[in-house]
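*Asks:* give me a 3D structure for the following:
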Amino acid sequence: MKNKIKHLIAAGAILLLAACQKDSSSADGDIRTDYIGTWKCVQNSKITGASEFTVSISKDTSNASRINIANFYKLGSNSKVYATVSTVAANTFDIPVQSVLSNYISGSGTEVNSTKLTFSYTADDGNEVDSLTAVCTKL
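*Replies:* Numbers count the residues shown, from 1 in each chain. I've put the predicted structure just below:
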């Protein structure tokens, strides 16, 4: 009986781990493919309130685990932050601390599904730290 329970627990653990893996539905097998495109973002800032704008996400050609996000924090289409897509925690990405137009941006995000991303991040301009969330819908 103990062996059956051990086998059931092991099988359950394997199924749980398999369920947590990113489903690569793209033909090229690149986990970043779902993120690529133009997204409408609704951003909520503790300092300035709600705003709406678009961002463009592209693959980083020099790093196979990164995406580039143009117009993040509504800093303009020529300004980009990068995010590292996790290969361990399914559907998540990390925005490490980086300086963009005198703002230190950092945070994280989640792919809810192939047409919806959520972000939680901070922006520090040296005077005050803004805490933000955003929901982005693929256009």
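
*Asks:* for the most centrally placed residue in the chain, give its distance to residue 128.
*Replies:* With distances taken as CA atoms, centre = their mean, residue 109 lies nearest the centre of the chain, 3.4 Å away. The spacing between residue 109 and residue 128, counted by CB to CB, to the nearest Å, is 23 Å. Bear in mind the C-beta positions are built from the backbone N, C-alpha and C, glycine included.

*Asks:* Three-state assignment for the closest residue in space to the residue nearest to the centre of the chain that isn't next to it in sequence, please.
*Replies:* Excluding its sequence neighbours, the residue lying closest to residue 109 (CB to CB, 6 or more residues apart in numbering) is residue 119, at 4.4 Å. Under DSSP: H, G, I helix; E, B strand; the rest coil, the three-state class of residue 119 is strand.

*Asks:* show me what residue 119 is bridged to.
*Replies:* residue 109, residue 134 (DSSP bridges).

*Asks:* all strands for the protein, in order.
*Replies:* 37-45, 49-59, 66-70, 80-85, 92-100, 103-113, 116-124, 129-138 (DSSP state E).
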